[in-house]
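**Student:** turn this into a structure:
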Amino acid sequence: MGNAPDSRYHRPVAHPSQSAPPDYTVRESRRAHAVRIRISTCGDVEVVVPVGFDSSRIPSLVAQHAESIGDARARIRRSRLAAGTADDTSEPPARLVLAALEEDWHVTWTHDPSKPATVRLAGTARLHGAADTTSLDSWAEALRAWLIGRAKHRLIPQTEERAEQLDVPVPAVRIGCQRTRWGSCSARGTVSLNAQLLFLPSRLVEYVIVHELCHTVHLNHSPAFWRLVALHVPDLAPVRDELHSAWSYVPAWLAARPSA
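**Tutor:** So this is what the prediction gives:
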């Protein structure tokens, strides 16, 4: 997790070295004081640089860490296999297990290329859609939209209720499907949460929400910030450790990049 409301994103950059990841994303952050290389919950590589950093230096910096990046991505792949989330991204998933909500959705698709991909609720535990199942763009985008809608319905009220309990003001709560962060907090106090949190155990979701709400008081990771978090998360150390590998709960189709 992190906070960089004044950052701007760049298109993925192909790296010429065969030993380095095939591509990475560069993000300028006003809060960054040094270059950081982040591996996302889905195995994507993000290079965070201070504003005005010489972009010509980035390829060599990535090359210097090519081996560790490769090792990290390999660990992600092994963890996904062990957790059963390294599924085939060529077809829609048969199930959506939302651990945070204790929901297990069965996914049924009807093949109708003449209609746009849609997701609609039928009964209590089944999704139906009309989609070209040969196109990742079609069904994956429909499922992402449904997931974001489900997260808005559940995570926004949960965050607002927790904010009231912590007695902190939150002007807005936003839900997206970010590739590198579970959550963030802007300088104005707006909390942004990742819809993929729904795949995580509820204890991790609770921690992410509390973490971001504490940023409305301390917009940094200072000792004072961590003391405040610990006040509301008694088992802070093990929960933080568990969150480091929480990407293994997220299905592989969310990590796949649709064609441009």
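**Student:** could I get the full set of strands for this protein?
**Tutor:** Secondary structure of the chain, counting by DSSP state E: strands at 8-9, 13-14, 23-29, 36-39, 45-50, 95-98, 103-111, 120-122, 126-131, 173-176, 183-185, 191-194.
**Student:** can I get those strands in a markdown table including mean pLDDT, mean neighbour count and distance to residue 222?
**Tutor:** C-beta coordinates here come from the backbone N, C-alpha and C atoms, glycine included. Formatted as a markdown table, those follow (pLDDT from 0 to 100; neighbours: other C-beta atoms under 10 Å; distance: least, C-beta to C-beta, whole Å):
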| stretch | mean pLDDT | mean neighbour count | distance to residue 222 |
| --- | --- | --- | --- |
| strand 8-9 | 36 | 10 | 25 |
| strand 13-14 | 43 | 13 | 32 |
| strand 23-29 | 85 | 18 | 17 |
| strand 36-39 | 83 | 17 | 18 |
| strand 45-50 | 88 | 20 | 19 |
| strand 95-98 | 84 | 16 | 34 |
| strand 103-111 | 73 | 14 | 37 |
| strand 120-122 | 46 | 10 | 44 |
| strand 126-131 | 47 | 19 | 44 |
| strand 173-176 | 96 | 18 | 24 |
| strand 183-185 | 94 | 24 | 14 |
| strand 191-194 | 96 | 25 | 19 |
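**Student:** redo those as CSV? Include distance to residue 154.
**Tutor:** Shown next, in CSV, are the strands of the chain (distance: least, C-beta to C-beta, whole Å):
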stretch, distance to residue 154
strand 8-9, 27
strand 13-14, 36
strand 23-29, 29
strand 36-39, 27
strand 45-50, 27
strand 95-98, 9
strand 103-111, 9
strand 120-122, 14
strand 126-131, 16
strand 173-176, 10
strand 183-185, 15
strand 191-194, 10
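**Student:** against which helices or strands is the longest helix along the chain packed?
**Tutor:** Ranked by residue count, the top helix of the chain under DSSP state H comes out as helix 136-166. Helices and strands touching helix 136-166, as assessed by 3 or more C-beta pairs under 8 Å, 6 or more residues apart in numbering; DSSP states H and E, comprise strand 95-98, strand 126-131, strand 173-176, strand 191-194, helix 202-214.
**Student:** need the ones you listed in a markdown table (columns: distance to residue 252).
**Tutor:** Formatted as a markdown table, these follow (distance: least, C-beta to C-beta, whole Å):
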| stretch | distance to residue 252 |
| --- | --- |
| strand 95-98 | 13 |
| strand 126-131 | 18 |
| strand 173-176 | 19 |
| strand 191-194 | 16 |
| helix 202-214 | 19 |
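**Student:** just tell me which of those ends up closest to residue 61.
**Tutor:** Ranking the helices and strands packed on helix 136-166 by proximity to residue 61 (C-beta to C-beta) places strand 191-194 first, at 26.8 Å.
**Student:** can you list the strands that the closest one pairs with?
**Tutor:** Paired strands of strand 191-194, with direction, are strand 173-176 (parallel), strand 183-185 (antiparallel) (DSSP bridges).
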